[in-house]
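A.B. asks: What follows is a predicted protein model with its sequence.
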Amino acid sequence: MRIAESELIINPDGSVFHLHLRPEELADNIILVGDPGRVDLIAEYLHDIEFRRQSREFVSVTGKFRDTRLTVLATGIGTDNIDIVMNELDALANIDFSTREVKEEKKSLNIIRIGTSGAIQPDIPLGSFVFSHISVGCDGLLNWYADRDKIAIPDISEAFMKHAGWTRYLPVPYFVKAGEEMTERFRDCTIKGMTIAASGFYGPQGRVLRMPLAIPDMVEKFESFRFNGWRVTNFEMEGSAIAGIAAHLGHNAGTVCCIIANRHLKSSNPDYKPYIRQLVELVLDRLTR
């Protein structure tokens with residue numbers, strides 16, 4: 001079936017609408033970052049760089065680390081941007097732009113997000129790395145797609161909502177596992193995480209400035225939640241959409257974050273850039289082994 005021009009917008013130069021990448025420019029191994037500045041940081045480690053491109057917050061570079069071709073892409077903040085990024089990455093890999101038809105043979109991309117995060121458990125130290133074995137979507141994005149429960153873990157969701165005192169005005173959260181192969185790459189060098197992906201930085205992560213919260217003790221309830229050995233470890237803002245869309249489309253994806261704050265201890269580390277560089281080096285090594 002031919003995909004209409006209104007549904008998949010292709011720019012005059014043959015690139016996909018938002019990312020401004022052409023299919024041949026996308027590598028099979030992809031590193032996502034929120035901050036466009038981190039693209040240039042990672043590019044310092046690459047050789048044979050083919051291009052650097054920017055369209056709004058979507059900055060991209062494709063080059064090589066060791067002998068592995070990589071694309072590094074900035075997504076900006078939030079799961080709404082991830083909806084754009086993940087769908088357009090899949091389109092670049094699995095839709096023929098000349099015919100506008102889905103390819104018969106599908107490609108599975110390796111996608112890892114490098115991010116920053118705030119821990120909510122007291123034993124997770126600043127500067128440590130948490131890999132999100134499970135991402136918790138409190139953003140509602142995946143609820144717009146069919147067959148949500150085929151890739152979600154509904155029994156954890158029900159227990160979580162009951163424990164937290166979920167209100168009817170909040171989106172039903174979804175729990176999604178990271179790709180098995182990506183999880184194995186980082187199992188021995190990161191903290192095992194079940195990570196909340198929030199739809200905002202303030203209220204959705206339990207921060208109070210001038211507006212009170214719908215669940216006043218939200219952070220404490222998240223911290224105390226337990227389910228079959230799992231506990232909520234940290235907050236970030238993109239991982240659930242990456243894990244969920246990747247699971248739907250057959251990509252191998254995950255999120256690993258550097259802890260730069262601890263909400264339980266009310267501590268933070270504004271000088272976290274050396275730890276981000278360490279995390280970049282770890283990800284490059286594990287992604288290209």
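C.D. replies: Okay, I see it.

A.B. asks: ok, which stretches of the stretch 1-150 of the chain are strands?
C.D. replies: 29-33, 47-55, 58-65, 68-74, 95-96, 101-102, 110-119, 129-137 (DSSP state E, counting those that start in this stretch).

A.B. asks: okay, now Ser6: neighbour count?
C.D. replies: Number of residues near Ser6 (other Cβ atoms under 10 Å) recorded here: 6. No exception for glycine: its C-beta is placed from N, CA and C like everyone else's.

A.B. asks: Kindly report the same for Ile191.
C.D. replies: Counted with other Cβ under 10 Å, Ile191 comes out at 20.

A.B. asks: I'd like to know which of the strands of the stretch 1-150 of the chain lies nearest to Pro270.
C.D. replies: For the strands of the stretch 1-150 of the chain, proximity to Pro270 was assessed by Cβ to Cβ; strand 110-119 is nearest, at 11.1 Å.

A.B. asks: which other helices and strands contact that closest one?
C.D. replies: strand 29-33, helix 180-186, strand 234-236, helix 239-249, strand 252-262, helix 273-287 (3 or more Cβ pairs under 8 Å, 6 or more residues apart in numbering; DSSP states H and E).

A.B. asks: Now the shortest one: buried residues?
C.D. replies: Right, strand 234-236. Buried residues in strand 234-236, counted by 16 or more other Cβ atoms under 10 Å: 234-236.

A.B. asks: quick one: it to chain centroid distance?
C.D. replies: Strand 234-236 sits 11 Å away from the centroid of its parent chain (Cα atoms, centre = their mean, to the nearest Å).

A.B. asks: strands paired with it, and their directions?
C.D. replies: strand 110-119 (antiparallel), strand 191-197 (parallel) (DSSP bridges).

A.B. asks: Now tell me what touches that strand from outside.
C.D. replies: Applying Cβ atoms under 8 Å, 6 or more residues apart in numbering, the contact partners of strand 234-236 are 115-121, 124, 130, 132, 193, 195-198, 205, 255, 257, 259, 263.

A.B. asks: and Glu24, how many neighbours?
C.D. replies: Glu24, neighbours per other Cβ under 10 Å, totals 10.

A.B. asks: From Asn87, how far off is it?
C.D. replies: 19 Å (Cβ to Cβ, to the nearest Å).

A.B. asks: hang on, the earlier thing: would you convert the buried residues of strand 234-236 into CSV that also reports pLDDT and distance to Val283?
C.D. replies: CSV is the format used below for the buried residues of strand 234-236 (pLDDT from 0 to 100; distance: Cβ to Cβ, whole Å):
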residue, pLDDT, distance to Val283
Asn234, 98, 17
Phe235, 97, 20
Glu236, 97, 15
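
A.B. asks: quick revisit: need the strands paired with strand 234-236 in a markdown table (columns: distance to Arg2 and mean pLDDT).
C.D. replies: Converted to a markdown table, those look like this (distance: least, Cβ to Cβ, whole Å; pLDDT from 0 to 100):
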| stretch | distance to Arg2 | mean pLDDT |
| --- | --- | --- |
| strand 110-119 | 27 | 97 |
| strand 191-197 | 34 | 98 |
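
A.B. asks: Out of the ones you listed, the one nearest Gly140 is which?
C.D. replies: That would be strand 191-197 among the strands paired with strand 234-236, by Cβ to Cβ, at 10.5 Å.

A.B. asks: Please consider this matter closed, and thank you.
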